[in-house]
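Participant: for reference, the sequence and a predicted model appear below.
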Amino acid sequence: MLSAEGALTKRQLIQEQLNECFNTFFSRGIQLGAIACNTLHAFLGEQMPFKIVHIVEQVAQVLRQKKISRSLVLCSTTSVKSQLHATYFNCFYPTNEFQRVVDHVIDSVLAGKETLQDVYQLITAIHTFYSSLDLTDEIFGIVLGCTEFSVLNDRWPLVAYGLKGHFVVIDSTQSLAEGICEM
């Protein structure tokens, strides 16, 4: 486990590496870019050498267009800790136990070993979490805030396996692609 000082150093290293990449792209004439990783957006600086289509801003725009006022964000533990999505829209993050399910699914997809069992486990956890919120029957967004969930959802669409009715699945990668096309 890194100390607070070590975590700062790691964060600085990531930011320096991103800046180096961005400066290289800019020096080669790149004027527009995008990063498909939600977590890396927490490391972006204030000023960029070229326009970046921000994945979380794109998700926030889709949520506004669909008039979804509350969402659950399925993302890595690192993204949860950064609270990145909460700075752009009204959202919930999984409880610790639920986050272990989320992290397991992410790891399974990364290993290329995701199963239908993972999908059902995830959907059960979503329903349990939603029930604990005691919300009315409002439309509730499920934000796929990690590219691994985009992969999973392409293979086994979550709406086909139990996320129907008042749930609307928002794929952050799809939102990013649409934002790029608009520009």
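Facilitator: On my side now, so go ahead.
Participant: tell me the spacing between the residue nearest in space to the middle of the chain and Ser82.
Facilitator: Nearest residue to the geometric centre of the chain (CA atoms, centre = their mean): Gly145, 1.5 Å. Counting by CB to CB, to the nearest Å, the separation of Gly145 from Ser82 is 11 Å. (Each C-beta comes from the backbone N, C-alpha and C, glycine too.)
Participant: could you do Leu63 as well?
Facilitator: For Leu63 relative to Ser82 (CB to CB), the value is 19 Å.
Participant: so where's the chain uncertain?
Facilitator: By pLDDT under 70, the weakly predicted segments of the chain are 1-8, 41, 45, 47.
Participant: now do the helices in it.
Facilitator: 4-27, 55-65, 77-82, 96-110, 116-133, 147-155, 172-182 (DSSP state H).
Participant: hey, C-alpha coordinates of the fourth one in CSV?
Facilitator: Going back to what we said before, that points to helix 96-110. C-alpha atoms of helix 96-110 as CSV (Å, rounded to 0.1, in the frame of the first residue of the first chain):
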residue,chain,number,x,y,z
ASN,A,96,-18.1,-1.8,-0.7
GLU,A,97,-19.6,-5.3,-1.1
PHE,A,98,-21.1,-4.3,-4.4
GLN,A,99,-17.8,-2.8,-5.5
ARG,A,100,-16.1,-6.2,-5.0
VAL,A,101,-18.6,-7.6,-7.5
VAL,A,102,-17.8,-4.7,-9.9
ASP,A,103,-14.1,-5.2,-9.6
HIS,A,104,-14.4,-9.0,-10.1
VAL,A,105,-16.3,-8.4,-13.3
ILE,A,106,-13.7,-5.9,-14.5
ASP,A,107,-10.9,-8.4,-13.7
SER,A,108,-12.8,-11.2,-15.5
VAL,A,109,-13.2,-9.1,-18.7
LEU,A,110,-9.6,-8.0,-18.6
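Participant: and it, how far out from the chain middle?
Facilitator: 13 Å (CA atoms, centre = their mean, to the nearest Å).
Participant: need the contact list for Arg64.
Facilitator: Phe89 (CB atoms under 8 Å, 6 or more residues apart in numbering).
Participant: ok, back up a step: now the residue nearest to the centre of the chain: closest residue in space, sequence neighbours ignored.
Facilitator: Nearest residue to Gly145 in three dimensions, chain neighbours excluded: Cys75, at 3.5 Å (CB to CB, 6 or more residues apart in numbering).
Participant: roughly how far apart are that neighbour and Asn23?
Facilitator: Cys75 is 28 Å from Asn23, by CB to CB.
Participant: and Gln17, by the same measure?
Facilitator: Taken as CB to CB, the span from Gln17 to Asn23 is 11 Å.
Participant: Ile170 pairs with what?
Facilitator: Val143 (DSSP bridges).
Participant: tell me the contacts of it?
Facilitator: Here Ile170 is in contact with 59, 62-63, 66, 68, 71, 141-144 (CB under 8 Å, 6+ apart).
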